[in-house]
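**Q** Test case, fold it:
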Amino acid sequence: MLELAKVQSSGPVIMTITGDAGTGKTSLAATLPKPLFICTEDGIKSIPFDVRPPSLPLVESVKDLWSQLKAVINETHDYETIVIDSVTQLDTLFTEHIIATDDNNPKSLAQAGGGYGAGYSALASLHGRVRKAAQMMKCNVVFVAHADTLIMDLPDQEPYSKYTIRIHHKSIGHYIDNVDLVGQLMLDMTVKKDKKRAYSDGSRILRCVATPSGVTKNRFGISEDIAITQGENPFINLIGK
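**A** Got it, this is the predicted structure:
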């Protein structure tokens with residue numbers, strides 16, 4: 001496994017870290033240089049208080065989010081990494097906002113904006129504003145997301161499962177297309193098919209190589225899974241100030 005990334009960025013990096021609950025996504029993001037967290041959920045509480053990175057107040061509304069993003073962009077600070085944890089909960093927050101502010105009182109996002117996909121387009125637009133804000137920050141940005149799976153049914157292949165990000169599919173592109181790295185944090189495990197069980201010693205790996213089974217990728221020439229050591233920045237040779 002690749003212990004450290006090899007190619008250093010010439011400027012701020014934007015990345016997405018995804019994974020199942022409890023795999024350590026927030027803890028991994030906290031190892032990046034001088035982080036500040038924008039929290040839409042309380043995952044940061046998993047980090048011991050004495051080493052917990054600073055965070056802004058919990059985002060409870062879309063207004064809170066825009067206010068915090070604006071402050072990070074416009075105010076002087078010495079943070080080198082902004083972590084948005086998580087865009088999955090952000091998706092829920094945006095969905096509730098679209099429904100609540102629709103004068104027609106829709107019962108679901110499918111009915112919002114008059115239906116016909118308008119609600120989902122509005123949702124993707126809000127995620128697009130977050131991605132645009134990240135581009136305006138003069139520092140590294142990490143999007144934390146929960147993992148999900150979907151069935152790919154391609155016209156020239158047999159159906160197969162693929163890891164993705166747990167937000168609506170129209171919004172996913174903002175966090176995987178124009179970013180420097182999409183990494184999936186997972187347990188390093190062995191599956192014994194005869195017993196239909198998975199085994200792991202608890203060690204983690206970060207997969208950021210393009211594979212058919214996920215949305216992972218990177219722009220730094222990383223060609224192998226990265227072994228994760230708790231509390232250590234695996235991108236130390238990748239991300240400069």
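**Q** can you tell me the helix or strand for Q157?
**A** Using DSSP states H and E, Q157 sits in no helix or strand.
**Q** And it, how close does it get to L150?
**A** 14 Å (Cβ to Cβ, to the nearest Å). Heads up, the C-betas are built off the backbone N, CA and C, glycines and all.
**Q** Over to P106?
**A** Counting by Cβ to Cβ - P106 and L150 are separated by 25 Å.
**Q** got it, and T92?
**A** T92 is 18 Å from L150, where distance means Cβ to Cβ.
**Q** Can you classify F37 by secondary structure?
**A** The assignment at F37 comes out as strand when based on DSSP: H, G, I helix; E, B strand; the rest coil.
**Q** S46 is in contact with that one, correct?
**A** No - look at F37 against S46 with Cβ atoms under 8 Å: they stay out of range, at 11.9 Å.
**Q** intersection of neighbour lists for the two?
**A** Shared contacts of F37 and S46, defined by Cβ atoms under 8 Å, 6 or more residues apart in numbering, are found at T26.
**Q** more crowded one of P106 and L150?
**A** P106 (18 against 10; other Cβ atoms under 10 Å).
**Q** Scan the helices and strands of this structure for the one with the lowest mean pLDDT.
**A** Among the helices and strands of the chain, strand 197-207 carries the lowest confidence by mean pLDDT, DSSP states H and E, at a mean of 73.
**Q** right, and the helix or strand after that strand?
**A** Using DSSP H and E, the helix or strand that follows strand 197-207 in sequence is strand 217-218.
**Q** Please name every helix or strand in contact with that following strand.
**A** Strand 217-218 sits against strand 181-192, with contacts defined as 3 or more Cβ pairs under 8 Å, 6 or more residues apart in numbering; DSSP states H and E.
**Q** which stretches of this structure aren't confidently modelled?
**A** Applying pLDDT under 70 to the chain flags the ranges 1-10, 188-202, 239-241.
**Q** what about the strands in this structure?
**A** Using DSSP state E, the strands found in the chain span residues 14-19, 35-39, 81-85, 140-152, 160-165, 181-192, 197-207, 217-218, 226-228.
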